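*Asks:* Curious how this folds, go ahead:
(one chain, ligands or ions: 1)
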Amino acid sequence: MKILSVNAGSSSLKFQLYEMPEEKVLISGVFERIGIENSFYTVKINGEKVEKKVELPNHKVAFQILIDELKENNVVEDLSEIKGIGHRVVQGGAYFDKTEVVTEDVISKIDELSSLAPLHNPAAITGIRAAQEVVPNAIQTVVFDTAFHQTMEEETYLYAVPYEWYTKYKVRRYGAHGTSHKYVALRANELLGKEDTKLITCHIGNGASISAIKNGKCINTSMGLTPNAGLIMGTRCGDIDATIIPYIMEKTGMTPKEIDNALNKQSGLLGISGVSSDARDIEAGIKDNNKRCILARNMYVKRVVEYIAKYYVELGGCDAIIFTAGVGENSISIREKIIEGLLPLGVELDKEANNVRGKEALITSKDSSIPVFIIPTDEEVMIARDTYFFCK
Ligand code: AMP
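*Replies:* Residues are numbered from 1 along each chain as shown. Sure thing, here's the model as predicted:
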């Protein structure tokens, strides 16, 4: 059975077509700069990647081209072969604790939650509408980044702010990257050979979050109302003293929009280093002895270590720590620094095993108190699995 996994951003649309239940990727691709000039798309099939320049005025046109590509590449003969289309949605609020089949009610709830994810939720709806028009007979599902974190207790997800902010305005911790945390946790349980586990999953990429997972259920996560809480990220500040915001607004006359932009787009590794949001550039700066790059890396690492320590206590121990996403899968030096910081917990790196990028690996020594794994994430296959569940 063919299942399409879709991730629509405000100006992009990523896709992977799977043969299920084998989980074989038949074709994948990404449309970029939708609605902007110089748009283009890339398609990958049988290990070969082709880039094409084409006008993409909206997501529907992108979706139509996607379908044409499936036919031209003989991956699909007839649209009826695509039984299900799964869409990634960033914010499901408290409405959704699992994947759902798309209905008008589901779409209106996603729309209602747009103020909590202004860039992402409207884009997901655009993607769903495009798919509905182009492939009307497929079952459409929505897979939420927040759903996995809905198992958190009230005392964990509430902020100590006036309670009415929660009841009236839905202010609480929702978390994000849930599909990724769930995927690597499932894989870690396979590697450990048991399901009653205590795991700390570190999804550290351009966006970054850490989760504490007990017996397959999330009990805490570092992102909050929005994806700008917890860890230091590429351009996001993560946890800060909330009063910095009115203080800087008063000092500079910045508007809410401007301060939001500064905290989301000009902070994090970029803000501290003044060089880049990309860990590779920070590592290059460190080689050149750039003091602010060293400071940025050290602050980034310290925050990850602090969260791991906090979740270790909250879980009452830990069976495995998992690194995933761009930095977690690829940065040998940042992983090494984080594990150095965990020495008081008895975590011990195997330097040779850590000399790896983008591959599943155990990177701690046999004497380490906690095993640390790299597990490359795969959010797309989780979307395909959940969608297949409704189609079979
Ligand atoms: P993601 O958001 O998961 O795609 O992660 C993207 C980030 O991963 C980039 O911005 C880099 O900071 C980081 N990254 C990717 N490749 C490497 C690498 N080889 N070494 C260090 N960091 C990397």
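
*Asks:* Can you tell me the element the closest residue to Ile240 other than its chain neighbours falls in?
*Replies:* Setting aside the residues directly before and after it, Ile240 is nearest to Leu263 in space (CB to CB, 6 or more residues apart in numbering), at 7.5 Å. Yep, even glycine has a C-beta here, placed from its N, CA and C like the rest. Leu263 belongs to helix 256-265 when assigned by DSSP states H and E.

*Asks:* And whatever helix or strand comes next after that helix, what does it pack against?
*Replies:* Following helix 256-265 in sequence order, the next helix or strand is helix 268-273 (DSSP H and E). Counting contacts by 3 or more CB pairs under 8 Å, 6 or more residues apart in numbering; DSSP states H and E, helix 268-273 is packed against helix 279-287, helix 291-315.

*Asks:* among those helices, which is nearest the ligand?
*Replies:* helix 279-287 (3.3 Å; CB to the nearest ligand atom).

*Asks:* Using CSV, list the CA coordinates for the closest one.
*Replies:* Below are the C-alpha coordinates for helix 279-287, written out as CSV (Å, rounded to 0.1, in the frame of the first residue of the first chain):
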residue,chain,number,x,y,z
ALA,A,279,27.1,24.3,14.7
ARG,A,280,29.5,23.6,11.8
ASP,A,281,30.5,27.3,11.6
ILE,A,282,30.8,27.5,15.4
GLU,A,283,33.1,24.5,15.3
ALA,A,284,35.2,26.3,12.6
GLY,A,285,35.3,29.4,14.7
ILE,A,286,36.5,27.4,17.7
LYS,A,287,39.4,26.1,15.6
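
*Asks:* State the phi and psi torsions of the most centrally placed residue in the chain.
*Replies:* The centroid of the chain falls nearest to His177 when counting by CA atoms, centre = their mean (3.5 Å). In terms of degrees, to the nearest 10, the main-chain angles of His177 are phi 60, psi 20.

*Asks:* Just to check, it is in contact with Met223?
*Replies:* Yes - taking CB atoms under 8 Å as the definition, His177 is a contact partner of Met223 at 7.1 Å.

*Asks:* which neighbours do these two share?
*Replies:* Residues touching both His177 and Met223 (CB atoms under 8 Å, 6 or more residues apart in numbering): Ser209.

*Asks:* follow-up on the earlier one: mind putting the helices and strands packed on helix 268-273 into CSV with distance to the ligand, mean neighbour count and mean pLDDT?
*Replies:* Formatted as CSV, these follow (distance: least, CB to the nearest ligand atom, whole Å; neighbours: other CB atoms under 10 Å; pLDDT from 0 to 100):
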stretch, distance to the ligand, mean neighbour count, mean pLDDT
helix 279-287, 3, 17, 97
helix 291-315, 10, 18, 98
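
*Asks:* nearest to Pro227, of those helices?
*Replies:* helix 291-315 (14.9 Å; CB to CB).

*Asks:* List of residues touching the closest one?
*Replies:* By CB under 8 Å, 6+ apart, the surrounding residues in contact with helix 291-315 are 198-200, 202, 204, 208, 210-212, 214, 219-220, 222, 230-232, 238-239, 269, 272-275, 281-286, 318, 321, 333-334, 337-338, 341-342, 345.

*Asks:* do that again at 7 Å, thanks
*Replies:* Here helix 291-315 makes contact (CB atoms under 7 Å, 6 or more residues apart in numbering) with 198, 200, 202, 204, 210, 212, 214, 219-220, 222, 230-232, 238, 269, 272-275, 282, 285-286, 318, 321, 334, 337-338, 341-342, 345.

*Asks:* And the helix or strand hosting Thr126, how far out from the chain middle?
*Replies:* Using DSSP H and E, the element containing Thr126 is helix 121-134. Its chain's average C-alpha position is 20 Å from that of helix 121-134, according to CA atoms, centre = their mean, to the nearest Å.

*Asks:* got it, and stretch 258-265?
*Replies:* That offset, for stretch 258-265, works out to 20 Å (CA atoms, centre = their mean).

*Asks:* hey, C-alpha coordinates of it in PDB?
*Replies:* Presented in PDB, the C-alpha positions along stretch 258-265 are these (Å, rounded to 0.1, in the frame of the first residue of the first chain):
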ATOM      1  CA  GLU A 258      10.500  43.000  17.100                       C
ATOM      2  CA  ILE A 259      11.400  41.400  20.500                       C
ATOM      3  CA  ASP A 260       9.800  38.100  19.400                       C
ATOM      4  CA  ASN A 261      12.000  38.300  16.200                       C
ATOM      5  CA  ALA A 262      15.100  39.000  18.300                       C
ATOM      6  CA  LEU A 263      14.400  36.000  20.700                       C
ATOM      7  CA  ASN A 264      13.500  33.600  17.900                       C
ATOM      8  CA  LYS A 265      15.800  34.700  15.000                       C
END
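
*Asks:* quick one: is it near the ligand?
*Replies:* No - judged by CB under 6 Å from any ligand atom, stretch 258-265 and the ligand are separated, with a smallest distance of 13.8 Å.

*Asks:* Just the buried positions in that stretch, please.
*Replies:* Ile259, Ala262, Leu263, Asn264 (16 or more other CB atoms under 10 Å).

*Asks:* Show the model's pLDDT score for Asp367.
*Replies:* Note on Asp367: pLDDT of 97.

*Asks:* ok, now how distant is it from Asn355?
*Replies:* As judged by CB to CB, to the nearest Å, Asp367 and Asn355 stand 19 Å apart.

*Asks:* Which one's more surrounded, these two?
*Replies:* Taking neighbours as other CB atoms under 10 Å, Asp367 and Asn355 compare with Asn355 leading, 11 against 8.

*Asks:* Surely that one and Ile332 touch.
*Replies:* Yes - with contacts counted by CB atoms under 7 Å, Asn355 reaches Ile332, the gap being 6.0 Å.

*Asks:* Show me what residue of the stretch 151-300 of the chain gets nearest to the ligand.
*Replies:* Per CB to the nearest ligand atom, Gly205 is where the stretch 151-300 of the chain lies closest to the ligand, at 2.2 Å.
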